[in-house]
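In: the sequence isn't on hand, but the structure is:
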Ligand SMILES: CCC(=O)OC[C@H](C)CC[C@H]1O[C@H]2C[C@H]3[C@@H]4CC=C5C[C@@H](O)CC[C@]5(C)[C@H]4CC[C@]3(C)[C@H]2[C@@H]1C
């Protein structure tokens with residue numbers, strides 16, 4: 001692995017971080033730290049372990065005991081299946097790139113309206129399609145939807161971050177947004193954890209997750225996941241402790257969790273049935289080993305068959321320049337794309353119009369909790385409201401996993417969340433998967 005920490009470009013880059021304004025794209029990073037992958041491709045990590053993803057929908061009363069011997073009910077089995085899938089997505093989202101390339105790189109910052117579509121093909125279980133759209137550029141927000149018709153499972157959500165540097169040049173990242181999984185057997189709200197990047201000083205950035213995230217099931221079961229890196233519980237990196245409770249009420253009463261799953265979200269975790277006591281207190285058994293789960297390749301059309309708004313077509317020249325490591329060509333090709341974007345914004349301003357999103361719409365949940373009557377022309381989807389209510393989480397535009405009543409929840413006014421409009425996708429005859 002090349003050591004870039006002494007390179008002049010990196011040391012001057014570190015200096016530029018000291019005047020960081022909060023907008024990551026404002027920092028012109030040296031070529032070796034740039035990734036040719038756009039952030040609009042990241043939602044693929046929600047689905048790149050298709051077996052685990054589809055299992056969430058395939059568990060039923062007949063097969064759950066075989067799949068999850070610990071589970072006493074099919075709902076417990078479904079929750080354990082979601083946790084196993086979630087650990088695999090954490091590995092994909094946060095550590096797979098460093099494992100492959102040696103360290104985290106800076107992804108391309110999607111332009112407004114950037115689209116990314118792909119699918120996982122599966123003869124037996126049916127194809128899963130994935131659509132993502134950059135629904136906002138200031139601030140950057142990416143919305144996504146994964147759907148497998150045959151297994152009747154849909155995952156939709158959106159992702160937004162706010163970042164800041166600590167005095168020790170650690171990049172702290174707060175995540176906004178969430179994912180909602182809907183299947184015929186139940187639905188789940190999945191919040192996303194805060195993270196930070198260590199190793200910037202030595203030009204070898206790695207992601208470490210922190211604080212808590214939640215998985216709330218429509219069955220009432222809730223899982224609280226606590227993250228830490230070196231120096232916490234076991235001093236190991238990527239440490240997680242997940243506790244499953246029968247409800248938020250039992251969590252608040254500090255009842256014994258039904259299950260405690262702990263270890264490394266990027267590696268091996270073990271499970272203990274929390275309420276087993278005495279001689280039959282279950283010994284920890286292996287729950288999952290993420291490093292052994294194969295990643296299913298996403299099928300993406302060749303660039304020549306893509307719509308101009310599709311990510312790999314739009315960024316083609318920039319990605320090539322990054323792969324060449326040619327700084328001059330990178331800034332030439334990047335400014336060509338950025339100038340075209342600026343021109344679009346200018347025309348919109350002159351014509352008093354604005355960019356219309358394609359497959360996702362912003363839904364205002366303020367007041368929805370009260371006015372969610374079916375008579376209303378636009379009944380708000382009850383799924384999100386009931387899940388977020390069960391979990392006691394804020395519906396406001398605050399960091400993912402903020403509880404109702406916390407300071408951020410009280411101070412924040414807006415409650416806008418991006419939602420997939422299936423009808424708009426089905427009407428779209430320009431972009432194909
Ligand atoms: C800011 C200075 C700079 O550019 O330093 C370059 C360094 C590579 C560190 C900054 C970049 O690190 C990247 C890691 C990215 C996150 C990785 C995974 C996810 C999960 C996904 O579901 C949503 C997006 C998110 C949070 C990525 C957001 C952007 C991050 C932090 C990149 C940083 C620019």
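Out: Done, it's in. Predicted model, so just to flag it, every value in this text is computed and none were measured.
In: ok, which stretches of the stretch 201-350 of the chain are strands?
Out: 206-217, 222-228, 239-245, 259-264, 268-273, 285-289 (DSSP state E, counting those that start in this stretch).
In: just tell me which of the ones you listed ends up closest to the ligand.
Out: In terms of CB to the nearest ligand atom, the element of the strands of the stretch 201-350 of the chain nearest to the ligand is strand 206-217, at 5.7 Å. Quick note: C-beta positions are derived from backbone N, CA and C, even for glycine.
In: and the closest one, what's buried?
Out: Across strand 206-217, burial judged by 16 or more other CB atoms under 10 Å covers 206-209, 213-217.
In: flag the least confident of those.
Out: Sorting the buried residues of strand 206-217 by pLDDT puts residue 206 at the bottom of the list (90).
In: in the stretch 251-400 of the chain, what residue is nearest the ligand?
Out: residue 400 (10.5 Å).
In: I'd say that residue and residue 211 touch.
Out: No - using CB atoms under 8 Å, residue 400 makes no contact with residue 211, being 10.0 Å away.
In: got any residues that touch both of those two?
Out: Taking CB atoms under 8 Å, 6 or more residues apart in numbering as the contact rule, residue 400 and residue 211 both touch residue 193.
In: distance check, residue 425 against the ligand.
Out: 21 Å (CB to the nearest ligand atom, to the nearest Å).
In: contact partners for the residue in the stretch 201-350 of the chain that the ligand sits nearest to?
Out: Ranking the residues of the stretch 201-350 of the chain by distance to the ligand (CB to the nearest ligand atom) places residue 205 first, at 4.2 Å. By CB under 8 Å, 6+ apart, the contact set of residue 205 is 33, 98, 103-105, 171, 197-199.
In: let's go with 7 Å and repeat that
Out: Each residue near residue 205 by CB atoms under 7 Å, 6 or more residues apart in numbering is listed here: 103-104, 197, 199.
In: and what of residue 243?
Out: By CB under 7 Å, 6+ apart, the neighbours of residue 243 are 223-224, 257, 260.
In: rewinding a little: pull the most distant pair out of the contacts of residue 205.
Out: Using CB to CB, the pair of the contacts of residue 205 lying farthest apart is 103 and 197, separated by 9.5 Å.
In: overlap of the contact sets of those two?
Out: 205-206.
In: next, the buried residues of stretch 69-82.
Out: Quick answer for stretch 69-82 (16+ other CB under 10 Å): 70-71, 73-82.
In: got CSV for those, with secondary structure too?
Out: As requested, those are exported to CSV (DSSP: H, G, I helix; E, B strand; the rest coil):
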residue, secondary structure
70, coil
71, coil
73, coil
74, helix
75, helix
76, helix
77, helix
78, helix
79, helix
80, helix
81, helix
82, helix
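In: ok, those residues vs the ligand, which is closest?
Out: Nearest member of the buried residues of stretch 69-82 to the ligand, counting by CB to the nearest ligand atom, is residue 82, at 16.6 Å.
In: wait, doesn't that closest one sit right on residue 215?
Out: Yes - counting by CB atoms under 7 Å, residue 82 touches residue 215, with 5.7 Å between them.
In: what average pLDDT does stretch 219-236 get?
Out: Mean predicted confidence for stretch 219-236 is 83.
In: got the end-to-end distance for it?
Out: 33 Å (CA to CA, to the nearest Å).
In: contacts for that stretch?
Out: With contact meaning CB under 7 Å, 6+ apart, stretch 219-236 is reached by 75-76, 79, 83, 186, 193, 208-216, 237, 239-248, 251, 264, 390-391.
In: same thing with stretch 306-313?
Out: By CB under 7 Å, 6+ apart, stretch 306-313 touches 38, 40-41, 110, 113-117, 300, 303, 314, 430-431.
In: endpoints of it, how far apart?
Out: 6 Å.
In: neighbours of residue 171, how many?
Out: 20 (other CB atoms under 10 Å).
In: sorry, back to before: mind putting the strands of the stretch 201-350 of the chain in JSON lines, distance to residue 365 included?
Out: Listed next are the strands of the stretch 201-350 of the chain as JSON lines, based on distance: least, CB to CB, whole Å:
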{"stretch": "strand 206-217", "distance to residue 365": "16"}
{"stretch": "strand 222-228", "distance to residue 365": "20"}
{"stretch": "strand 239-245", "distance to residue 365": "25"}
{"stretch": "strand 259-264", "distance to residue 365": "31"}
{"stretch": "strand 268-273", "distance to residue 365": "34"}
{"stretch": "strand 285-289", "distance to residue 365": "34"}
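In: up against the ligand, what does the stretch 1-150 of the chain have?
Out: 17, 24, 27, 29, 33, 39, 42, 93-94, 104-107 (CB under 6 Å from any ligand atom).
In: which of those residues count as buried?
Out: Of these, these count as buried by 16+ other CB under 10 Å: 24, 29, 33, 39, 42, 93-94, 104-107.
In: before I go, just wanted to say thanks for your time.
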